[in-house]
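>>> how would this look folded up:
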Amino acid sequence: MECSRVIGSRTALLLLASIACVTLAGCSSGDNSHVSGVVTFDGNPAPNSVMTFVSLNQGPGGTAITDENGHYEAQMSLNNDWLAPGEYRVEIQGRADHLKADGLMSEIKPGDISLPKKYYGENSELRLKAEPGNATVNFDLTSN
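Numbers count the residues shown, from 1 in each chain. Sure, this is the predicted structure:
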């Protein structure tokens with residue numbers, strides 16, 4: 001009786017391990033899109049801008065924050081530095097805009113930029129088609 005319980009436990013463990021392998025294989029990095037690039041505003045880097053990648057395919061979205069040089073790397077979550085392949089609406093909000101929206105006006109510092117509303121929210125016309133593999137996608141925003 002004790003022997004059959006051990007065999008049953010081992011079988012259950014093997015079954016769970018098989019399911020995990022199949023699940024992870026479907027999410028291998030070869031199927032994902034590693035998207036990075038630079039965001040500029042009127043020809044200058046757009047530092048500390050908040051980027052949101054809204055899936056147009058009903059899948060998960062992603063985010064990024066530009067560094068002091070306007071460089072970003074899209075990520076689905078803190079642990080996944082990739083996006084699922086598909087089409088996205090890209091929303092880019094300057095740090096000043098983001099702080100204003102959160103009611104943190106006192107946190108705005110010199111150099112924090114404000115971007116035109118045409119680049120963020122549901123009205124953003126910025127689009128990204130993420131394909132499997134690595135891609136560099138730059139966003140050259142203007143005040144006009």
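
>>> so what's the most centrally placed residue in the chain up against?
The centroid of the chain falls nearest to residue 62 when counting by C-alpha atoms, centre = their mean (2.5 Å). Residue 62 sits next to 52, 53, 74, 75, 76, 83, 88 when contact means C-beta atoms under 8 Å, 6 or more residues apart in numbering. Where you see a C-beta, it was placed from the backbone N, CA and C, and this is true even at glycine.

>>> now those residues in a markdown table, with pLDDT and distance to residue 117?
Output for those, formatted as a markdown table (pLDDT from 0 to 100; distance: C-beta to C-beta, whole Å):
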| residue | pLDDT | distance to residue 117 |
| --- | --- | --- |
| 52 | 96 | 14 |
| 53 | 96 | 18 |
| 74 | 95 | 22 |
| 75 | 94 | 25 |
| 76 | 89 | 26 |
| 83 | 93 | 24 |
| 88 | 96 | 19 |
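
>>> widest-spaced pair of the residues you listed?
Farthest pair in the contacts of residue 62 (C-beta to C-beta) is 75 and 88. Separation: 12.7 Å.

>>> between these two, tell me which one has more neighbours.
Per other C-beta atoms under 10 Å, whichever of residue 75 and residue 88 has more neighbours is residue 88, with 24 against 20.

>>> would you list the strands that the helix or strand the more buried one falls within pairs with, along with their directions?
Using DSSP states H and E, the element containing residue 88 is strand 86-93. Strand pairing for strand 86-93, using DSSP bridges, gives strand 50-55 (antiparallel), strand 127-130 (antiparallel).

>>> how near is residue 95 to residue 130?
According to C-beta to C-beta, to the nearest Å, residue 95 and residue 130 sit 25 Å apart.

>>> do the same with residue 91
Noted for residue 91: a distance of 15 Å to residue 130, by C-beta to C-beta.

>>> also residue 55?
Counting by C-beta to C-beta, the gap from residue 55 to residue 130 is 9 Å.

>>> of those two, who's got more company?
The neighbour count for residue 55 versus residue 130, taken as other C-beta under 10 Å, is higher for residue 130 (23 against 17).

>>> neighbours of the closest residue to that one other than its chain neighbours, how many?
Spatial nearest neighbour of residue 130, excluding adjacent residues (C-beta to C-beta, 6 or more residues apart in numbering): residue 33 at 3.6 Å. Residue 33 has 23 neighbouring residues, counting by other C-beta under 10 Å.

>>> that'll do, ta.
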